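Colleague: Mind folding the following:
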Amino acid sequence: MKKIAVLGAGSWGTALAIVLAEKNHKVNMWERDEKIAEKLNSERENTKLLPNIKFPDSLKVSADLDKVLEEAEFIIFSVPSQALREVVAKISEKIKDNMILINTAKGIEIKTGESLSEVMKDEIKGKYHKNIVVLSGPTHAEEVAQKLPTTIVAVGELENAKKVQELFNAEYFRVYVSEDIVGAEIGAAVKNCLAIGAGIIDGMGYGDNAKAAMITRGVAEMIRFGKALGADEKTFTGLTGIGDLIVTCASKHSRNRYVGEKLGQGESIENILNGMVMVAEGVPTVKAVYFKMLELEIDMPIVKAIYQIIYEGANPKEKVKELMKRDLKGEF
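Modeller: Model (predicted):
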């Protein structure tokens, strides 16, 4: 039995906590709001985000961060990407050499342009960088909580990635390993941007041909961006690349696709976000990827168009016309 701290009681943090608790590990989940923590503990389910999924007995919830971290061997960070730095900084002095640090958030930090593993390294001040493992892949919390077959990848230094693989692997939750953290993190970030694009196409009623084209050309942008940052190209053909992209662009559970759909129907980004319970990571990530793209001088016309729709109020139909009228070229 392992002792595990899960920081963040959103849908994904809760789903992962349940997976681990059902494997008879001792799991303490941190919810910063004391009243919500007490409600989760008393009701034994996350009624707002994962209704009717009961917590195993070995899963406890607390707003006391010190209590949650007590004797933890694995720390799982399941907070929004733009909040990760704050949370890591909060516990940096409590991190020990024997702790495996698992990040599940997907994105790029806007203010620095850093990947999330780089953010973590900044805040733990040169210590225990080898202990960082990224957990990423085509996963929706709702389906994991229902024990539907799911695959995911533990990415990091091989010895620690294998520890995470063994920790999570279950009958319905198959875990692979990889050492390409850069590729996994870039795939996770860019696919959230592209999912908004897929939703925009759905919202405008442009059909399957247009969406297939956007996804495929989006993969080309993902690879171009990732290679410029040192990623292995083959990573983008795997679960943390195309796999995650497919599920996020197609699923009814995808918050990012939902945001895009509403944008395609003419709603403002402010109204869309105000009406959502959960965080759509693609919205801040589009901004972060766009600024990084400009810095690296990389051509990413789809991401640029999505940025202009969200942050500059561009008309989605006009942006599609511009993409279709670009100079003709070979596919590869």
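Colleague: I'd say G203 and L263 touch.
Modeller: Yes: at 6.3 Å, G203 counts as touching L263 under the criterion of C-beta atoms under 8 Å. (C-beta placed from N, C-alpha, C; glycine too.)
Colleague: Give the residues shared as contacts by those two.
Modeller: P316 (C-beta atoms under 8 Å, 6 or more residues apart in numbering).
Colleague: What residues of the helix or strand hosting K67 count as buried?
Modeller: Under the criterion DSSP states H and E, the helix or strand holding K67 is helix 65-69. By neighbour count on 16 or more other C-beta atoms under 10 Å, the buried set for helix 65-69 is 65, 68-69.
Colleague: quick one, phi/psi of L135?
Modeller: phi -110, psi 110 (degrees, to the nearest 10).
Colleague: returning to that earlier point: relative to N46, which of the buried residues of helix 65-69 is nearest.
Modeller: Ranked by distance to N46 (C-beta to C-beta), these are led by V68 at 16.3 Å.
Colleague: That closest one: what's it in contact with?
Modeller: Contacts of V68 by C-beta under 8 Å, 6+ apart are 5-7, 28-30, 62.
Colleague: Give me the distance between it and Y128.
Modeller: 19 Å (C-beta to C-beta, to the nearest Å).
Colleague: State the pLDDT value of M276.
Modeller: Looking at M276, its pLDDT is 85.
Colleague: what about it, distance to E185?
Modeller: M276 is 24 Å from E185, by C-beta to C-beta.
Colleague: Correct me if wrong, but A288 is in a helix.
Modeller: Yes: counting by DSSP: H, G, I helix; E, B strand; the rest coil, A288 falls inside a helix.
Colleague: so what's the closest residue in space to it that isn't next to it in sequence bridging to?
Modeller: Nearest residue to A288 in three dimensions, chain neighbours excluded: I108, at 3.8 Å (C-beta to C-beta, 6 or more residues apart in numbering). In this entry, I108 is beta-bridged to S115, by DSSP bridges.
Colleague: And the pLDDT for I108?
Modeller: 93.
Colleague: what does D97 give?
Modeller: Value for D97, per-residue pLDDT: 89.
Colleague: Tell me which residues touch the closest residue in space to G8 that isn't next to it in sequence, please.
Modeller: Spatial nearest neighbour of G8, chain neighbours left out: S78 (3.7 Å); criterion: C-beta to C-beta, 6+ apart. With contacts taken as C-beta under 8 Å, 6+ apart, S78 has the following neighbours: 6-8, 10, 12-13, 16, 104-105.
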